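In: Show me how the following folds:
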Amino acid sequence: PRMAHEREEPLMAALRAASRAESGAPIHSGIFVLANTLLGAGMLGLPAAFGQCGYVTGTVFILSFAVCACTGLHLLSEAADLVGRPSSFNRLANAAVPGGGVFFDLAIAIKCFGVATSYLIVVGDNLPRAMAGFGVTAPLLLRRRTWILASLLAAGPLAFMRRISALRHTSTAAVLCVLAITLMVLLFALATDIPLLSPYAPGQPAIRGAFDAVGTASDSVRALPIFVFSFTCHQNIISISNELARPTPRRVMTLVAAAVGAAAAVYLAIAHAGYFTFGDLVCSDILSSYPSSNALVAVARCLIAVVVTCCYPLQAHPARGCIASVVGAARRATKRRAEARRR
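Out: Numbering: from 1, shown residues only. Take a look at the predicted model:
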């Protein structure tokens, strides 16, 4: 009986693993979560990046870094399969560099904390200006701190979700907001004869800067970080693929290609439309180039605030896991030292 029991244990473990894989998150859930991780406020700076490096160079950068992002995400998922699911950056780092997992966890936690904080700054920059664009005069609604606190109260509870796939609904809402902003930028570029869609203030002449296909090497290098950080989403791919139903390499690659491809399409649309509207005179934030009194611009500022608020828990989730891993490692080290002293 004991031998039969021992034979049954691996079988039951395999059946439980198969059951978890089948009941995991659907692939579209992972696509929206990964796309939301990609699509943040940085997309509003791409027209200005085109102004520095030129529209041909900028297009090459977007497509090249999209391919690099897909490759990196695919390799991370394959590495997670190799060390065993469910995996983590700590396990991957320790497999590659024994003892190095803590340093990777610290780096990821610091990076994610910094990005999440920048999202609150974006909310504080945009919502008071949106309220002013709507004609609101109440001082409370024109203060940065009011909206930063409101955003933190909205995003804070979402940061405690145990599974990252639980954020699929907010991620879907954020992606829809991004599509609305993209449509607005395209309409401002194409439908300039309609007063509501004019990219210039009433009575202001149409002033466009120069258009360059290729910028100088130094300007292109200065613009490079904007394109690189536009495809930063790797901190979430292991959690997303861990929770994916049947996380085969083909399904993970389909998820990655769909999310990165959608992000690249949005980036190209906003970058080209914004750049060809204003040329190299475009502001570092494309929304600042449009008239502040335009109601559509105020709506777009509200939408970008919603987008980054939904992005906040997607940065908090990996940061929380990495901090917990570092704390756990510190506790284990303290326990080992205490046991060594007792001996």
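
In: Dihedrals phi and psi, residue 209?
Out: phi -80, psi -170 (degrees, to the nearest 10).

In: which residues does the residue nearest to the spatial centre of the chain contact?
Out: Most central in the chain under CA atoms, centre = their mean is residue 37, positioned 2.3 Å from the mean C-alpha point. Neighbouring residues of residue 37 by CB atoms under 8 Å, 6 or more residues apart in numbering: 233, 235, 236, 311, 314. Quick note: C-beta positions are derived from backbone N, CA and C, even for glycine.

In: And for residue 36?
Out: So residue 36 contacts 167, 170, 171, 174, 175, 307, 310, 311, 314 (CB under 8 Å, 6+ apart).

In: Report the contact partners of residue 215.
Out: By CB under 8 Å, 6+ apart, the neighbours of residue 215 are 52, 53, 54, 57, 223.

In: where along the stretch 51-200 of the chain do the helices fall?
Out: 55-83, 89-96, 101-133, 144-155, 168-190 (DSSP state H, counting those that start in this stretch).

In: helices and strands around whichever helix or strand comes after the last one, which ones?
Out: The one in question is helix 168-190. As assigned by DSSP states H and E, the chain's next helix or strand after helix 168-190 is helix 217-229. On a contact count with 3 or more CB pairs under 8 Å, 6 or more residues apart in numbering; DSSP states H and E, helix 217-229 meets helix 46-53, helix 55-83.

In: How far does stretch 110-125 sit from its chain's centre?
Out: Computed by CA atoms, centre = their mean, to the nearest Å, the chain-centroid distance of stretch 110-125 equals 12 Å.

In: now do stretch 84-91
Out: 21 Å.

In: ok so, going back, would you check which pair of the contacts of residue 37 lies furthest apart?
Out: 235 and 311 (12.0 Å; CB to CB).

In: Can you pull out the low-pLDDT segments for the stretch 1-150 of the chain?
Out: 1-23 (pLDDT under 70).

In: repeat for the stretch 151-300 of the chain
Out: For the stretch 151-300 of the chain, applying pLDDT under 70 flags the ranges 192.
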